[in-house]
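Engineer: Attaching a predicted model along with its sequence, questions to come.
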Amino acid sequence: MGGMSLVALFGLPIEDVLAETLSNVNRNSSPSDLKITDLRYVTVDHLGRATSIIRFDTNQGIYGLGELREGRDERLALMLKSKVIGQNPCNVEKVFKSIKNLGGYGLRGTGVCAIEVALWDLAGKAFGVPCWQMLGGRYRDRIRLYTDFMGVSDFSDVHDRIKYRTEVEGFTWIKMTRMFNVINSVEGGYRNETSRIISDRGIDKVVEYLGRVRDIVGYDFPVSADHFYSPTVNNMIRVCEAIDPIRLAWIEDPLHWTRVEDLKTLTEAVDTPTLSGESIYLKEPFIELCDARAIDIVHPDQASSGGLLETKKIGDYAQEKGIGMAQHFTGTAVSYMANIHIAAATENSTVLEFHQEGEEIDQFNSMVNTVDGRPMLEKGYGLVPDESPGLGIELNEEGIKANLHPSDRSYFAPTLEWNKWG
């Protein structure tokens, strides 16, 4: 009722009552007649990497946003343009099914995922509801975030950053990445560059390093670790057995996700939970991992796993099998908000990755405006939009133009050459 009480409305003429009750309706949108008229992109400099944001334009003046993951070529989305032009974006699943076979694992599906997200953003704007509502409603109104720290030999820098991010910024979960740097910091950490087998010295260094992290945050604070890069099951069993007393929340991608039986052997042999999935495309490989109980936690990235609905399906299936879910993320605010809506609508979602710190957060915030005016994150948690339609953000043109990548300084230029491609 637009903020007015029923009692107040009773005293108004009927035309004023109708005007008030319809005040929140999106009069610019007739969902059944909505059509995609164009697909354009802009490439921004994000964490030193060219990252492309796509935009669907429509015949009714509203637009939808999506994002390609980690510097992948915008042509992965543009090559699909001819298949989506003229379609009604509200038929999200129908359009997605018509293009999903043109993606692939290892981030080759990120163009499909960007399109899927842009479709949901448009549909939400057309119907005037948030994406989480269209995914079935929300389980939570804020999302726990975990923040990353690069494994480096100078622990004093890591110590100060952990203290600041946890005690000042309020993050309640951390992940130590690039553990190969820690291993390489001791002579003979790997037996040799060819085998990449982690030696006793390397394992001891990992235990020492992660133990120092535990000294900072204590044992009630979740700590995860990534990037060990050992290729054998037995070697990873030795690593995990050594760090089991440190009680990690998970060890990430200890073996390649395609090695289902090897992952199962590792998972059954150690106490440290195993996690995998950031490079997997679509739900089927996750289903295989879950059915085999090869991992303890799935780790999809919606920008490469299939977008909003597919990632929710992954989380729901894992939950049925008693397997947890954490969400991988390394992008701009567009991909971030897509993840926020998934986490809100997926009961099994535990935590979402967040890389940015310091000036990187300022850049992150500068490229979009939230529709409701609230911040996107606060004290280590992502905030879920209450009523803002679609993803709940609009691009800040000034902020985007200030962060254009040197490789392509165009701003949503026409892409007519892709209208009939393929």
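Structural biologist: Arrived safely.
Engineer: got a list of contacts for stretch 394-413?
Structural biologist: Stretch 394-413 has contacts (CB atoms under 8 Å, 6 or more residues apart in numbering) with 40-46, 50-51, 53, 55, 65, 363, 366-369, 371. C-beta: built from backbone N, CA, C; applies to glycine.
Engineer: I'd like to know which of those are part of helices.
Structural biologist: 363, 366 (DSSP state H).
Engineer: Where does pLDDT dip in the chain?
Structural biologist: Along the chain, segments meeting pLDDT under 70 span 1-29, 153, 422.
Engineer: Would you map the strands across the stretch 151-300 of the chain?
Structural biologist: Using DSSP state E, counting those that start in this stretch, the strands of the stretch 151-300 of the chain run over residues 174-177, 223-225, 250-252, 274-276, 297-298.
Engineer: and Thr350, what helix or strand is that in?
Structural biologist: Counting by DSSP states H and E, the element that carries Thr350 is strand 349-354.
Engineer: Off-centre distance for that strand?
Structural biologist: Computed by CA atoms, centre = their mean, to the nearest Å, the chain-centroid distance of strand 349-354 equals 8 Å.
Engineer: Is the residue positioned nearest the centre of the chain within a helix or a strand, and which one?
Structural biologist: Note on the chain: the residue nearest the mean C-alpha position is Phe329, at 3.5 Å, using CA atoms, centre = their mean. Here Phe329 is covered by no helix or strand, with elements defined by DSSP H and E.
Engineer: try Ser98
Structural biologist: Applying DSSP H and E, one finds Ser98 within helix 92-99.
Engineer: Please apply the same query to Glu360.
Structural biologist: With DSSP H and E as criterion, Glu360 is part of helix 359-366.
Engineer: got it, and Asp57?
Structural biologist: Applying DSSP H and E, one finds Asp57 within strand 49-58.
Engineer: how's this structure carved up into domains?
Structural biologist: Domain segmentation of the chain under automatic domain parsing yields 31-130+406-418, 133-388.
Engineer: could you redo those domains as JSON lines and give each row distance to Glu397?
Structural biologist: Formatted as JSON lines, these follow (distance: least, CB to CB, whole Å):
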{"stretch": "domain 31-130+406-418", "distance to Glu397": "8"}
{"stretch": "domain 133-388", "distance to Glu397": "9"}
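Engineer: How about Lys205: what's its closest non-neighbour residue?
Structural biologist: Of all residues not flanking Lys205 in the chain, Val186 sits nearest, at 4.5 Å (CB to CB, 6 or more residues apart in numbering).
Engineer: Same question for Ala333.
Structural biologist: Per CB to CB, 6+ apart, closest to Ala333 is Val368, 4.5 Å.
Engineer: ok, that neighbour touching Ile393?
Structural biologist: Yes. At 4.3 Å, Val368 counts as touching Ile393 under the criterion of CB atoms under 8 Å.
Engineer: got any residues that touch both of the two?
Structural biologist: With CB under 8 Å, 6+ apart as the test, Val368 and Ile393 both reach 333-334, 337, 376.
Engineer: Excluding chain neighbours, give the residue nearest to Pro375 in space.
Structural biologist: Leu383 (6.4 Å).
Engineer: Backbone dihedrals for the one you found, both of them.
Structural biologist: Backbone torsions of Leu383, given as degrees, to the nearest 10, read phi -100, psi 130.
Engineer: who touches it in this structure?
Structural biologist: By CB under 8 Å, 6+ apart, the neighbours of Leu383 are 141-143, 340, 374-377.
Engineer: Mark which of those residues are buried, thanks.
Structural biologist: Among those, the ones that count as buried by 16 or more other CB atoms under 10 Å are 142-143, 340, 376-377.
Engineer: Need those in TSV (columns: distance to His159).
Structural biologist: Below are these laid out as TSV (distance: CB to CB, whole Å):
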residue	distance to His159
Arg142	28
Ile143	27
Ile340	30
Met376	28
Leu377	24
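Engineer: Among the residues you listed, which are located in strands?
Structural biologist: By the criterion of DSSP state E, membership of these in strands covers 142-143, 377.
Engineer: quick check, nearest of the residues you listed to Cys131?
Structural biologist: Ile143 (13.5 Å; CB to CB).
Engineer: That closest one reaches Gly382, doesn't it?
Structural biologist: Yes. The criterion here is CB under 8 Å, and Ile143 meets it with Gly382 at 3.9 Å.
Engineer: which neighbours do these two share?
Structural biologist: 339-340, 343, 352.
Engineer: need the helices for the stretch 1-150 of the chain, in chain order.
Structural biologist: Counting by DSSP state H, counting those that start in this stretch, the stretch 1-150 of the chain has helices at residues 6-10, 14-21, 75-78, 81-84, 92-99, 110-127, 131-134.
Engineer: which stretches of the stretch 151-300 of the chain form helices?
Structural biologist: Going by DSSP H, counting those that start in this stretch, the stretch 151-300 of the chain shows helices at 155-163, 179-184, 200-217, 233-243, 260-269, 283-292.
Engineer: most packed of those?
Structural biologist: Of all the helices of the stretch 151-300 of the chain, helix 179-184 has the most neighbours on average by mean count of other CB atoms under 10 Å, namely a mean of 21.
Engineer: contacting residues around that one?
Structural biologist: Identification of contacts with helix 179-184 by CB under 8 Å, 6+ apart yields 150-153, 189-190, 198, 202, 205-206, 209, 225-229.
Engineer: one more time with 10 Å, if that's ok
Structural biologist: 150-153, 155, 158, 176, 178, 189-190, 193, 196, 198-199, 201-203, 205-206, 208-210, 225-230, 239, 243, 251-252 (CB atoms under 10 Å, 6 or more residues apart in numbering).
Engineer: sorry, back to before: each with direction, which strands does the strand holding Thr350 pair with?
Structural biologist: Paired strands of strand 349-354, with direction, are strand 142-150 (parallel), strand 324-327 (parallel) (DSSP bridges).
Engineer: That strand vs helix 359-366, what angle?
Structural biologist: 110 degrees (axes from the mean of the first three to the mean of the last three CA atoms, to 10 degrees).
Engineer: on that earlier part again, what's the closest of the helices of the stretch 151-300 of the chain to Pro130?
Structural biologist: Here helix 283-292 is closest among the helices of the stretch 151-300 of the chain (CB to CB), at 23.0 Å.
Engineer: Off-centre distance for the closest one?
Structural biologist: 20 Å.
Engineer: try stretch 197-209
Structural biologist: On CA atoms, centre = their mean, the centre of stretch 197-209 falls 31 Å from the chain's centre.
Engineer: Run through the residues that contact Pro231.
Structural biologist: Residues near Pro231 by CB under 10 Å, 6+ apart: 195-197, 255-256, 259, 262.
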